[in-house]
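Undergrad: how would this look folded up:
(chains A and B)
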2 protein chains.
Amino acid sequence: MRSVCVIGLGLIGGSVLRAVSAAGREAWGATGSALDAEAARAEGHAVELSVEEALRRAAAADALVVLAVPLPALDGVLRKVGELAPGCLLTDVVSVKAPVADAVARYAPSARFVGGHPMAGRSVSGWSAGSARLFQDAAWVVVADEDTDPAVWREVAELALDCGAHVVPTTTSEHDAAVARISHLPHVLAAVLASCGADGGPLALALAAGSFGDGTRVAATRPELVLAMCEGNRPALLAAVDDALGKLGAARGALASTGALRATVTAGHAGRAALEAQRAAGRVHLVVDLAGEDALEELRGLGTQGGRITGFEGTAVKAELPVLAE
Amino acid sequence: MRSVCVIGLGLIGGSVLRAVSAAGREAWGATGSALDAEAARAEGHAVELSVEEALRRAAAADALVVLAVPLPALDGVLRKVGELAPGCLLTDVVSVKAPVADAVARYAPSARFVGGHPMAGRSVSGWSAGSARLFQDAAWVVVADEDTDPAVWREVAELALDCGAHVVPTTTSEHDAAVARISHLPHVLAAVLASCGADGGPLALALAAGSFGDGTRVAATRPELVLAMCEGNRPALLAAVDDALGKLGAARGALASTGALRATVTAGHAGRAALEAQRAAGRVHLVVDLAGEDALEELRGLGTQGGRITGFEGTAVKAELPVLAE
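TA: Take a look at the predicted model:
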């Protein structure tokens, strides 16, 4: 089993280190946070004294290096990768894929890189917030672009599967557009809602119940983390915010003119119903031969249709597709 | 103890009937839904054969009548109140207070009316979704306007306390402005977010995790219920939507120009922190003499500051105020 080197031991990196260790892989980490390092060591995990040491060990062992630092810290770490482990197997768990791919191309162009993104998070952060089970039954995007190497793709997909996740194959740009809608826009709208509620003063907050509590929960996330992911996905988030502005403006116009919100409310109800239907849908099982010529194209197509990868058997990729009503 | 007549036995009305019965009061209900009536009777509750019968019994017993029908059904029920129990003690549990007060003035002008609104809800509806404990520790607004009769106010406040809630005193217009921000705007934003996510197709929905799930939860509510409360609070909701549009537009502008979302995200974080701080705040206890000349004005002032009523002792109203940091 491929050994794993995790750089950054916060919520996500710390959970990866725990999960791959629990799966029986040799694994070690490094972090700039003395607090996280101490906590990880106290739980029996191998934490190198520096990022440099961890990367040297990765180069020697031909380990898979997992970058789990926030986007603003990525360039610095990638410079070290380019210097100390230039040809390593490399992935990341950062929430935006285009800027990570750009940075890898700049600072570690020889790395065998395939980007990733586990769709698991909490509003708390740091090593202590993580767990080996954080990714259980979660989606984990493993990027399958035109120029992706299927062998490297498989290494990263197997990492995700070992962490308990299922793998969603898609392109860099489709990923960034999708997470703008279902992860970054929710953070922006939660911030707007929390501000609007607090502007209503203590009376409004005293009356706040489930709808306000749920709608503002992620506004409790540390602002630096939200800013890193939202600002890092600027073009895609801008398109999603424009979509939301258009829909909210249409609701405003309808409310002001006829007073009717039916179009807004029924579209929202249908959207939520689509989410629930897809989650509850039956699934057809199929197999893609990773040795086939168009394998990655087929996998990308599965991702677009809401499909996912659940395992490997030889060169066979085991996949599931939801059976959606028309 | 004052007996209670509940018109409408859905989630809220059904929970009121259960709660006041559990508190030892004589109580009966009526509903246009044969399903809800049957379910309530099966659990041993008294359900009259018609709204008319229930109101006649209320007039004879000088019971407190609780209107628990959706806003669009209110005029029809109030006509019957005006005819069969014109001078009754009357309250409601509808989510908007100005339209209810207007309808009472039109159809049952002699009723001894004070409006109410328990801040408890679920995304499911009907008798079967309710429980005697639905209002436990919830806020229950009991309207204290300039012309409110303190004796009637007390009757309604005691109903709320018997249901396990604490009472928040405020005016009709302050209530409607507050719930526009913390209840109706959350529904509009959840609808917008759910639409934007579903527009991303099966891939986006496959990647949706906690932030999208929480942010769209209330979009699963039956559209008729959302429309009734949102459209019924048109002027206040319009102001809240304009506030949200302004904040979202500012975020859009910042993202497009400098790429910086710091102002949006930190304001949202502060808003959510204000909610959590108010909930966790220590409380000072104080007493307002309901027999005093400015009693209702004092109570309204408490509501504005996030205060609440927890009980009565003679003419003394026992209140709590959160101790908020500057």
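
Undergrad: quick check: closest non-adjacent residue to residue A:22.
TA: Counting by C-beta to C-beta, 6 or more residues apart in numbering or on different chains, residue A:132 is the residue found nearest to residue A:22 once chain neighbours are left out, at 4.6 Å. Heads up, the C-betas are built off the backbone N, CA and C, glycines and all.

Undergrad: wait, I meant residue A:256
TA: Per C-beta to C-beta, 6+ apart, closest to residue A:256 is residue B:238, 6.0 Å.

Undergrad: what angle do whichever strand or helix holds that neighbour and helix A:234-257 make?
TA: Under the criterion of DSSP states H and E, residue B:238 resides in helix B:234-257. Counting by axes from the mean of the first three to the mean of the last three C-alpha atoms, to 10 degrees, helix B:234-257 points 160 degrees away from the direction of helix A:234-257.

Undergrad: for helix B:234-257, packing partners?
TA: When contacts are defined as 3 or more C-beta pairs under 8 Å, 6 or more residues apart in numbering or on different chains; DSSP states H and E, helix B:234-257 packs onto helix A:185-198, helix A:234-257, helix B:172-179, helix B:185-198, helix B:262-280.

Undergrad: sort out which residues of it are buried, please.
TA: Buried residues in helix B:234-257, counted by 16 or more other C-beta atoms under 10 Å in any protein chain shown: B:234, B:236-238, B:240-241, B:243-245, B:247-248, B:251-252, B:254-255.

Undergrad: what about the helices in chain A?
TA: Here chain A has its helices, by DSSP state H, at A:11-22, A:34-42, A:51-61, A:74-84, A:98-107, A:150-162, A:172-179, A:185-198, A:201-207, A:210-216, A:223-232, A:234-257, A:262-280, A:295-304.

Undergrad: now the spatially most central residue of chain A, nearest residue through space, not along the chain?
TA: With distances taken as C-alpha atoms, centre = their mean, residue A:117 lies nearest the centre of chain A, 3.0 Å away. Spatial nearest neighbour of residue A:117, chain neighbours left out: residue A:141 (4.3 Å); criterion: C-beta to C-beta, 6+ apart.

Undergrad: pull the number of nearby residues for the one you found.
TA: For residue A:141, the neighbour count with other C-beta atoms under 10 Å in any protein chain shown is 30.

Undergrad: partners of it in the sheet?
TA: residue A:117, residue A:168 (DSSP bridges).

Undergrad: ok, residue A:237 touching residue A:229?
TA: No. Contact between residue A:237 and residue A:229 fails when scored by C-beta atoms under 8 Å: they sit 9.1 Å apart.

Undergrad: spell out which parts of the stretch 1-150 of chain A neighbour chain B.
TA: Proximity of the stretch 1-150 of chain A to chain B (C-beta under 8 Å from any C-beta of the partner chain) is limited to residues A:119, A:120, A:121, A:122, A:138, A:139, A:141.

Undergrad: so what's the residue nearest to the centre of chain A up against?
TA: By C-beta atoms under 8 Å, 6 or more residues apart in numbering or on different chains, residue A:117 lies in contact with A:93, A:94, A:95, A:97, A:140, A:141, A:175, A:179.

Undergrad: output these as CSV; include the columns distance to residue A:148.
TA: What follows is these, written out as CSV (distance: C-beta to C-beta, whole Å):
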residue, distance to residue A:148
A:93, 17
A:94, 17
A:95, 19
A:97, 12
A:140, 15
A:141, 12
A:175, 12
A:179, 19
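
Undergrad: need those residues in TSV (columns: pLDDT).
TA: Converted to TSV, the contacts of residue A:117 look like this (pLDDT from 0 to 100):
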residue	pLDDT
A:93	97
A:94	92
A:95	86
A:97	96
A:140	98
A:141	98
A:175	98
A:179	97
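
Undergrad: about what we covered before: which residues do residue A:237 and residue A:229 both contact?
TA: Common contacts of residue A:237 and residue A:229 (C-beta under 8 Å, 6+ apart): residue A:184.

Undergrad: which part of the stretch 201-326 of chain A gets nearest to chain B, residue-wise?
TA: Closest to chain B within the stretch 201-326 of chain A is residue A:268: 2.4 Å, counting by C-beta to the nearest C-beta.

Undergrad: which non-adjacent residue is nearest that residue?
TA: Among residues not flanking residue A:268 along the chain, residue B:191 sits closest, at 2.4 Å (C-beta to C-beta, 6+ apart).

Undergrad: just residue A:282 next, same as before
TA: residue A:323 (4.6 Å).

Undergrad: you'd agree that neighbour is up against residue A:286?
TA: No. Using C-beta under 8 Å, residue A:323 makes no contact with residue A:286, being 11.8 Å away.

Undergrad: fine, thanks again, bye for now.
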